[in-house]
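In: build me a model from this:
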Amino acid sequence: MLDFKELPVTGDAFEQLIREILLSKGYEVYWSGKGPDGGKDLLAIESYKSILGEIKKIWLIQCKHNAHAGTAVNSRDLYNIVDSCGHHHANAFLLACSTYPSSKVVERLEGIKSNPKNDIDTTIWDAITIERHLSTSRSWSIAQRFFPISSTGKSLNITATEDPNYWIVNYEGYYFHLCNRIG
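Out: Sure, this is the predicted structure:
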C-alpha cells in the first residue's frame, strides 16, 4: 500500500503526481504552478474520436493533499466548482485527494453532475483510486518516483484483479503479472 505521507505537506508533489498519471494516460495536461490558483490546480484535455468526429472534454482538477492531517476533504476546502469550471471553460471536474472526500463533498459533486443546467461531469479520485491507477505495469514507475519507500516494500505483495485467474505481484519494487492457466 502506498503511503501518501511520503509526499511533502505543501501539496506540489501531489499535484505533480496527478499530472504524471494523466499524462501517462494520454491526456494533455496544464499545471497552474505555485501560488493562488482560484481552484485550478490542473487542467486536462481529454480527446477521443467518435464516428462523428473528435470529442473533447476539458477537466478542471482540484488536488487536496490531506494525508499528513489524515482528514477528509470538506466542502469548505473546495472553490465554487460551477463558477470555476465556467471561468476555465471546463465541462468536467475532478477532485483528486490523498485521503477521501466527506459525504457532503460527494453529495455536492453528485448534485452538480445531475443538474442538466450545469452540463458538468464530475468524479473523485481518492487515495485508493489513485493507488489503483498506479498499480499497473505502465504506471508503476510513477509510483516508484513519488513513493520511493512504500513502493519498494521488502515483502511479497500479491493483489487480486477482477479476473479470477490473474494477479498483480509486487516484490522489492519489481512489478509483474501472475496468471493461472486452466486446461
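
In: please enumerate the strands of this structure.
Out: 28-31, 42-50, 53-64, 92-97, 121-125, 156-160, 166-171, 174-179 (DSSP state E).

In: tilt between the longest one and strand 42-50?
Out: Translated: strand 53-64. Taking axes from the mean of the first three to the mean of the last three CA atoms, to 10 degrees, one finds strand 53-64 and strand 42-50 inclined to each other by 160 degrees.

In: could you pull out the helices for the chain?
Out: 12-24, 81-87, 103-114, 127-134, 140-146 (DSSP state H).

In: now render those helices as JSON lines, adding distance to residue 158 and mean neighbour count.
Out: Any C-beta I mention is one placed from the backbone N, CA and C, and that applies to glycine too. Formatted as JSON lines, these follow (distance: least, CB to CB, whole Å; neighbours: other CB atoms under 10 Å):
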{"stretch": "helix 12-24", "distance to residue 158": "23", "mean neighbour count": "20"}
{"stretch": "helix 81-87", "distance to residue 158": "39", "mean neighbour count": "17"}
{"stretch": "helix 103-114", "distance to residue 158": "31", "mean neighbour count": "15"}
{"stretch": "helix 127-134", "distance to residue 158": "15", "mean neighbour count": "17"}
{"stretch": "helix 140-146", "distance to residue 158": "15", "mean neighbour count": "18"}
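
In: export the ones you listed to a markdown table and tack on mean pLDDT and distance to residue 181?
Out: Converted to a markdown table, those look like this (pLDDT from 0 to 100; distance: least, CB to CB, whole Å):
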| stretch | mean pLDDT | distance to residue 181 |
| --- | --- | --- |
| helix 12-24 | 96 | 29 |
| helix 81-87 | 93 | 48 |
| helix 103-114 | 97 | 41 |
| helix 127-134 | 94 | 25 |
| helix 140-146 | 91 | 24 |
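
In: nearest to residue 41, of those?
Out: helix 12-24 (5.0 Å; CB to CB).

In: ok, residues contacting that closest one?
Out: By CB atoms under 8 Å, 6 or more residues apart in numbering, the residues outside helix 12-24 that reach it are 4, 7, 29, 31, 34, 41-42, 44, 61, 63, 65, 96, 98, 125, 130, 133-134, 138-139, 142, 145-146.

In: give me the residue ranges of the chain where confidence is low.
Out: Applying pLDDT under 70 to the chain flags residues 33-39, 153-155, 173, 183.

In: repeat the analysis, applying 90 as the threshold.
Out: 1-2, 31-41, 48-50, 55, 79, 135-141, 149-183 (pLDDT under 90).

In: related to what we said a few turns ago, from the contacts of helix 12-24, keep the buried residues only.
Out: Taking 16 or more other CB atoms under 10 Å as the criterion, what is buried in the contacts of helix 12-24 is 4, 7, 29, 31, 41-42, 44, 61, 63, 65, 96, 98, 125, 130, 133-134, 139, 142, 146.
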